[in-house]
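Visitor: Pasting a predicted model and its sequence here:
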Amino acid sequence: MYGTTDTSGPHPPPSSRQQFHGFFHQGGGQHFFRFEDDVHEDGSDRVPGVSLLRFERHILPESRSKPYLLLVTSQWCWPCMEIEPAWRRAAKELSALGFGVGAISNDYDPDLTHQLGVHRLPTLLAVVNRRIHFFKDRSFSAQNIRKFAQGTLPSGLIFTIESKEEAFSFLAGAIRESRPRVVLLSRKKSIPLLYQLVAFEHSQRVKCAFVSLSGTYGPEMLRGHGLDAGRPALLFFKEDPSAPVDSHVVNDLKGGELRQLVSQHQYMAVPRLLSQAVMTDICSINRLCVALLWEAHWPSNDEPPQILNEFIKLSKSARGEKTFVHIDILQQQAFVSALKQKRSEQVSGDHCAEGQSVAYVVLLRRLTSETLKVSWFTQAWCSGTMSWALLRRSVEKSLKSPHFVKVAVPALEDEERLSLLDRAKSYIFDFTDQLWLKTRGFITDEFSAIGFALVTIFLAIFVLSPHAREEEENGHEERPPNRPLARSGSKSAITSLTSANYDRAFSIPAGHLYLLLATNEDPQGEGHQGSQLLLRAFEAAVQPYRKYVNLHFGYVVLSAEKNLV
């Protein structure tokens with residue numbers, strides 16, 4: 001039997017619960033479930049309590065880089081107490097690896113419980129990248145909890161390498177994406193959970209790969225880099241795919257050590273300033289940055305252009321405390337234009353032949369988040385004409401007598417933000433997650449056992465026209481992420497989709513989204529209360545989104561539209 005979170009019925013006042021105090025507490029006055037205000041990292045098995053405020057202010061934002069496991073319990077729930085030893089063992093193990101863990105008391109935070117869509121106790125859920133995942137296994141063991149936690153991490157975090165060609169393809173992409181590569185070579189055949197967690201935590205800055213030493217390529221890769229072919233290792237690659245910048249033997253690498261190593265190598269030797277956050281990290285206040293301004297694009301199968309290679313070579317020979325970075329002129333047009341407005345003298349070589357692109361080198365020193373000092377080199381280069389010797393002399397000359405000018409600059413564009421299509425996919429997932437939370441109470445275990453007495457299927461159709469793609473590539477998409485265009489006046493209706501109106505229903509403009517609810521029973525039919533309740537819940541869930549002109553909603557009856565389905 002499971003408990004219930006229903007708050008509609010009468011409950012005894014808090015004072016009357018004291019008579020059960022002895023039953024729900026064990027020797028020494030310790031509560032069976034230990035709710036604490038703070039996270040404990042002292043190796044104890046105490047699980048911190050989670051309030052609605054903490055969930056909204058800390059857990060949800062942090063879940064983008066740290067997954068959380070939360071157990072919803074109650075002092076009145078006997079099954080909660082039965083599974084508590086397994087939960088404590090799993091929570092202790094997973095928190096040591098890097099998962100956040102917490103317990104939610106339905107007695108003290110029923111609002112949070114209902115907001116999460118919890119309708120029975122105990123319920124175990126995971127919060128990963130602001131999305132909710134529910135534990136569905138009937139066997140509540142520490143092993144199954146661990147398997148569930150691992151399954152909630154995003155797919156595609158780690159690239160599996162099995163050949164020399166796959167290794168080169170993975171490593172060569174580092175300089176194009178300006179994201180270092182981390183490769184773990186392990187005796188294990190499967191990817192360790194700790195490594196998956198670290199890859200998730202640093203997914204914005206690095207890309208990770210896994211090579212099993214039980215295969216043929218693992219030992220070959222180690223020997224190729226002068227390492228013992230039988231010892232697990234961690235390799236870090238940056239601009240040069242043929243040689244790691246760092247390597248470590250990892251027979252028994254702890255979580256803290258692994259995270260520290262990856263953090264130390266989260267930027268390229270000459271990183272591209274992809275966003276204002278990256279610039280803040282790399283070009284800190286008053287630090288001198290030597291920046292190459294150029295069009296940072298080239299065919300995917302080609303080697304990096306000479307102009308970038310020469311600049312990287314210069315950075316290796318430079319002395320003193322200065323950082324070398326490069327900026328894409330096409331992606332950061334507003335920032336570069338602001339720098340050019342304060343250019344005190346003419347830069348020679350500023351005009352290139354057709355088919356060539358121009359590149360500049362400037363000195364930057366940040367004063368605040370919105371102001372910096374800039375000193376332009378008097379020489380510009382066209383693609384294919386930059387030489388390392390000439391560049392070095394020019395930099396040395398400029399460093400000896402820089403002519404800094406104070407300039408106000410806009411924040412760098414965030415090149416790491418999701419593309420238009422990715423934002424649409426993210427919007428779909430976020431929306432359907434919220435819809436599931438609101439409707440899952442109508443879908444019971446009995447229905448699942450009988451088999452599709454009530455079925456929900458969410459179909460999302462996103463059509464991206466050539467015009468929309470061109471708009472995205474040119475940077476003309478000005479709406480914030482996950483925010484569709486607002487509708488003025490009337491709201492879209494939730495209509496029934498049939499074979500007769502299918503063509504008309506899906507004759508929607510490019511870039512529009514159609515979200516479809518499918519049930520086995522007709523909500524308009526008599527005696528179909530389950531479908532009626534589900535449709536009302538669907539209408540309530542989509543209500544806040546019906547004001548957007550590029551969102552459309554409907555439902556389809558599977559039993560009546562078999563040919564259409």
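Guide: Looks like it arrived, so ask away. Please read all numbers here as calculations on a predicted model, not as lab measurements.
Visitor: Kindly tell me how buried residue 164 is, as a neighbour count.
Guide: Using other C-beta atoms under 10 Å, residue 164 has 12 neighbouring residues. For glycine as for every other residue, the C-beta is placed from the backbone atoms N, C-alpha and C.
Visitor: how far away is it from residue 247?
Guide: Residue 164 sits 18 Å away from residue 247, going by C-beta to C-beta, to the nearest Å.
Visitor: same check, this time on residue 264
Guide: 13 Å.
Visitor: For those two, indicate the residue with more neighbours.
Guide: Counted by other C-beta under 10 Å, residue 264 and residue 247 do not tie: residue 247 has more neighbours, with 17 against 10.
Visitor: for the more buried one, helix, strand, or coil?
Guide: Using DSSP: H, G, I helix; E, B strand; the rest coil, the structure places residue 247 in strand.
Visitor: For the residue nearest to it when sequence neighbours are not counted, pull up the helix or strand it's in.
Guide: Of all residues not flanking residue 247 in the chain, residue 235 sits nearest, at 5.0 Å (C-beta to C-beta, 6 or more residues apart in numbering). Here residue 235 sits within strand 233-237, counting by DSSP states H and E.
Visitor: residue ranges with poor pLDDT in the stretch 201-350 of the chain?
Guide: 299-303, 344-350 (pLDDT under 70).
Visitor: One more pass at 90, please.
Guide: 215, 228-231, 249-256, 294-322, 330-331, 340-350 (pLDDT under 90).
Visitor: can you give me the strands for it?
Guide: Along the stretch 201-350 of the chain, counting by DSSP state E, counting those that start in this stretch, strands occupy 207-212, 233-237, 246-249, 288-294, 322-328.
Visitor: and the angle from the last one to strand 288-294?
Guide: It refers to strand 322-328. 20 degrees (axes from the mean of the first three to the mean of the last three C-alpha atoms, to 10 degrees).
Visitor: which residues sit against strand 322-328?
Guide: 269-273, 279, 282-283, 287-297, 308, 311-312, 314-315, 318, 335-336, 399, 412, 415 (C-beta atoms under 8 Å, 6 or more residues apart in numbering).
Visitor: picking up where we left off before, nearest to residue 394 among the strands of the stretch 201-350 of the chain would be which one?
Guide: Checking these against residue 394 by C-beta to C-beta gives strand 288-294 as the closest, at 10.7 Å.
Visitor: Direction included, what does the closest one pair against?
Guide: strand 322-328 (parallel), strand 358-366 (antiparallel) (DSSP bridges).
Visitor: Please produce CSV containing the ones you listed, extended by distance to residue 133 and mean neighbour count.
Guide: Output for these, formatted as CSV (distance: least, C-beta to C-beta, whole Å; neighbours: other C-beta atoms under 10 Å):
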stretch, distance to residue 133, mean neighbour count
strand 322-328, 37, 21
strand 358-366, 41, 21
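Visitor: if I pick residue 250, what's in contact with it?
Guide: Contact partners of residue 250, counting by C-beta under 8 Å, 6+ apart, are 184, 186, 232-234, 258.
Visitor: which of the contacts of strand 322-328 count as buried?
Guide: Applying 16 or more other C-beta atoms under 10 Å to these, the neighbour count classes 270-273, 279, 282-283, 288-296, 308, 311-312, 314-315, 335-336, 399, 412, 415 as buried.
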